[in-house]
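[1] Attaching a predicted model along with its sequence, questions to come.
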Amino acid sequence: MNRGFAAALLAVLLLSGCGSTEPLEKRNSDAPVGSTVSGTAETAPSATETEISSVSETETVTTTTPVTTVTTVTTAPGTTVSETVTAATTKPLEFSELTKLVYAKGYVTFRTDPYDSATIIRFLDPGSELTVGGISEDGRWYRIGFGGMKGYVLAAETTDEKPPTTTTTTTVTTTTTTTTTTTTTTTTTTVSETEIPPEAGDPEDPPEYPSFTGCKALPQQILKAVNDCKAKYPNMLIGVGIYTLDGKTGYEYNPNQLVNSASTIKASYAVFVLEQCEKRGLDPAKTYITYQSRHYHTGSGVIINSGRYGSSYSVEYLISVLLSESDNIAFEMLKDKFTISDFYVYNRSIGGENDGLQWGRGSVIQRRNEWVALYKYITGGRPYSQLLRRSITGTKYSFIADGLADQHSVMYKSGWVFKSSYPAHCDCAIIDEDYLIIVLTQDSTVGSGRKDAIAAVAKAAEAYCKARGGKMF
């Protein structure tokens, strides 16, 4: 063979990607030959599951803009695979000073950074008063402060006009009857309130979640474990709940304390997704979502290491890794088809967390309501109940399981964040299908984690249950 020709051929092969030492079948293992597969250099997972950081006071915010190149590889006559390589470049987004008050038109998405795929801090209620500190050069984003937090909202989702305060009149008629006379009294009560239009899909009737009248203080043995942890970590907030699986009886400590939820919210979100699949006639095994660059999220999961942009995953698979691996990218992908705003409506209807819903805050009571609904779905003969049971049994991370001395059947979902202004470790678990235990911790010490406190409380609860013959209640 002519040396010049051979050298030219080798150069072509190297440029087209054929010079890679990795087999083509392996590099494109998650798509059939002939399909378009996009690849990106993977970023090493963060040590945290997710992170919400304070917004800088500086006037320039750096955003990421992908630049894409395409290389076509011929694998057989007439068959090609296009491999897309995306590199990130930075583009400064300038903010100028602007000081004024604006108001939320509807439910406003409050984000950590000024771009559409940035982490959602929380949803702001209609009519919320927002203090603007800056505006982007294109006029699209406001930098705001709300509730002691700093972040960004879309200017189009706000208004300069304060929502009107309306007066509503409620007439209550009470009838009292005796054996001799009948007295009818009409009372008119005037209430002044800010009228907020209901969100589409809100339940008209009161939510059917359990009352809390059957709950008592923690038994002394478990309370001692809580107090020991508080002595060890004086800045720690902690809430504990131990309940029957219908949620009507239990033991509680600080049950209304709001704590950063981290990924514990994913359990209730999975129930919501499966209920939506039923309502829409979707088969989770046959419904696919394509992984795109905007879905990328650091932290826990398997897609961050093995996934490629352009690959498609079934909802069934995404639910599985969302729970078993606490996969953040799966969470982002599912939200394309099953939106956070619809989840917001669902979670409020069952008495669950309603403060942000993605890395927001929740209480023991709200977590309890979510898990009562979860267990009801699993045991209620629903079409995808076994998928949910499999996905949430024996998940990769559990601080409660870390504290158990004996073998148990456990369904659980934990969450943590410890590089933010409100670090937290939280866990919820159903033990032996006998009782539900929830332990939520948060510490004001940035970078701290209190998972050992959760394990200690779980260990004390296990010992208490064992002393009662293996039944918590």
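    Right, received. Where do you want to start? Numbers count the residues shown, from 1 in each chain.

[2] any idea which element Gln330 lies in?
    Check again: residue 330 is Ala, not Gln. Secondary structure assignment for Ala330, by DSSP states H and E: helix 328-337.

[3] Residues contacting that helix, please?
    Under the contact criterion CB atoms under 8 Å, 6 or more residues apart in numbering, helix 328-337 has outside partners 49-50, 117, 263, 266, 269, 273, 287, 289, 291, 294-301, 303-304, 307, 313, 315, 318-319, 321-322, 358. From N, CA and C alone the C-beta is placed, and that goes for glycine too.

[4] cutoff 7 Å now
    Residues from elsewhere that reach helix 328-337 (CB atoms under 7 Å, 6 or more residues apart in numbering): 50, 266, 273, 289, 291, 295-297, 299-301, 303-304, 307, 313, 315, 318, 321-322.

[5] Next step: these restricted to helices.
    For the contacts of helix 328-337, membership in helices holds for 266, 273, 303-304, 315, 318, 321-322, with DSSP state H as the criterion.

[6] Might you report the residue contacts of Ala455?
    Counting by CB under 7 Å, 6+ apart, the residues that Ala455 touches are 399, 402-403.

[7] would you turn those into JSON lines with distance to Met333 and pLDDT?
    Converted to JSON lines, the contacts of Ala455 look like this (distance: CB to CB, whole Å; pLDDT from 0 to 100):
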{"residue": "Phe399", "distance to Met333": "26", "pLDDT": "95"}
{"residue": "Asp402", "distance to Met333": "29", "pLDDT": "94"}
{"residue": "Gly403", "distance to Met333": "33", "pLDDT": "96"}
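
[8] Neighbour-wise, which one of these leads?
    Phe399 (26 neighbours; other CB atoms under 10 Å).

[9] Next, work out how far apart that one and Lys100 are.
    Distance, Phe399 to Lys100, by CB to CB, to the nearest Å: 44 Å.

[10] Please report the distance of Leu154 from Asn305.
    33 Å.

[11] what about the two, which has more around it?
    Neighbour totals were compared for Leu154 and Asn305, and Leu154 leads with 14 against 10 (other CB under 10 Å).

[12] wait, that one sits on Ile144?
    No: using CB atoms under 7 Å, Leu154 makes no contact with Ile144, being 10.7 Å away.

[13] tell me the pLDDT at Glu129?
    pLDDT recorded at Glu129 is 89.

[14] if I pick it, what's in contact with it?
    Neighbouring residues of Glu129 by CB under 7 Å, 6+ apart: 101, 103.

[15] Begin at 726 from now on, thanks
    Renumbered: residue one is now 726, and that last one reads Glu854.

[16] So what sits opposite it in the bridge?
    On the basis of DSSP bridges, Glu854 is bridged to Tyr828.

[17] quick revisit: dump the next helix or strand after the helix holding Ala1055 to PDB, restricted to CA.
    Sequence-wise, the next helix or strand downstream of helix 1053-1062 (DSSP H and E) is helix 1065-1074. Extracted C-alpha coordinates of helix 1065-1074, given in PDB (Å, rounded to 0.1, in the frame of the first residue of the first chain):
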ATOM      1  CA  ILE A1065     -43.400  20.400  39.400                       C
ATOM      2  CA  SER A1066     -46.400  22.800  39.300                       C
ATOM      3  CA  ASP A1067     -48.800  19.800  38.900                       C
ATOM      4  CA  PHE A1068     -46.900  18.000  41.700                       C
ATOM      5  CA  TYR A1069     -47.400  21.100  43.800                       C
ATOM      6  CA  VAL A1070     -51.200  20.700  43.500                       C
ATOM      7  CA  TYR A1071     -51.000  17.000  44.200                       C
ATOM      8  CA  ASN A1072     -48.800  17.300  47.300                       C
ATOM      9  CA  ARG A1073     -51.000  20.000  48.800                       C
ATOM     10  CA  SER A1074     -54.000  17.800  48.300                       C
END
